[in-house]
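Chemist: Based on what follows, work out the 3D shape:
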Amino acid sequence: MYKKPSIGEYPAYYGGYINLVPKGNLLDILAKQLEDTTALLSDKTETQSTYRYADGKWTLKEVIGHITDTERIMSYRLLRISRGDKTPLAGYNDEDYVKEAFFHTRSISELLEDFHVVRRSTISLLRGLPETAWARTGIANNSEISVNALLFIIAGHELHHVNIIKERYLI
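Modeler: Model prediction:
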């Protein structure tokens, strides 16, 4: 339980996210991320939340929405695979999701509340998983992936984007 996934448990392109996750109890890490990300972004103004650091890049609102949408998808995959469902799961195009989400019509506080609800749901799901489920694998986006790897991807994906937010948005 909560052991860094081995190469082979996930597609190589997720390695960067997985390697960002620090050692420790992943449920605690996910809860701390929720606290830290909310604190980092909750006081941002409308002007700050619509900032793009370059043409064609997402706004801060879009980044928050993307983090939340991706966690929803990864948690859904985690649920299906952890329950022994062997149905191959489709991929998704994050650019299309952001484009169709109209995150610009929502306030940053609404988007952070959405992130909060999704993260709490993810944590609740993980608390109820039996240890036997962690090693289960399934097919998502045409690649084999483990339940354990999905958890690390959720945590690492959020860390990846928070690092970008700190480096490029909050200057």
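
Chemist: In the chain, what helix or strand scores lowest on average pLDDT?
Modeler: helix 46-49 (a mean of 94; mean pLDDT, DSSP states H and E).

Chemist: I'd assumed residue 155 was in a strand, is it?
Modeler: No - Residue 155: not assigned to a strand; according to DSSP: H, G, I helix; E, B strand; the rest coil it is helix.

Chemist: Now do it, the pLDDT please.
Modeler: pLDDT recorded at residue 155 is 98.

Chemist: Same check on the one 10 residues further on?
Modeler: Predicted confidence (pLDDT) at residue 165: the value is 98.

Chemist: Buried by neighbour count: which residues of the least confident helix or strand of the chain qualify?
Modeler: residue 49 (16 or more other C-beta atoms under 10 Å). For the C-beta atoms, the positions are set from N, CA and C on the backbone; glycine is no exception.

Chemist: Please apply the same query to stretch 145-161.
Modeler: 145-159, 161.

Chemist: And the contacts of the least confident helix or strand of the chain?
Modeler: The contact list for helix 46-49, computed with C-beta atoms under 8 Å, 6 or more residues apart in numbering, reads 59-61, 107-108, 169-170.

Chemist: for this protein, what are the low-confidence residue spans?
Modeler: The chain contains residues with pLDDT under 70 at 1.

Chemist: and residue 87, how many neighbours?
Modeler: 9 (other C-beta atoms under 10 Å).

Chemist: which one is it nearest to, not counting chain neighbours?
Modeler: residue 80 (7.0 Å; C-beta to C-beta, 6 or more residues apart in numbering).

Chemist: Would you agree the one you found falls within a helix?
Modeler: Yes - under three-state DSSP, residue 80 falls within a helix.

Chemist: Identify the residues contacting it.
Modeler: Residues near residue 80 by C-beta under 8 Å, 6+ apart: 87, 89, 138.

Chemist: Please repeat the previous calculation with a cut-off of 10 Å.
Modeler: Contacts for residue 80 (C-beta atoms under 10 Å, 6 or more residues apart in numbering) come out as 86-87, 89, 136, 138, 140, 147.

Chemist: I'd like the residues you listed as a markdown table, with secondary structure appended.
Modeler: What follows is the contacts of residue 80, written out as a markdown table (three-state DSSP):
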| residue | secondary structure |
| --- | --- |
| 86 | coil |
| 87 | coil |
| 89 | strand |
| 136 | coil |
| 138 | strand |
| 140 | strand |
| 147 | helix |
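
Chemist: Which parts of this protein are helices?
Modeler: Assigned by DSSP state H, the helices in the chain fall at 15-20, 26-41, 46-49, 60-82, 94-101, 108-127, 147-164.

Chemist: Done for today, thanks.
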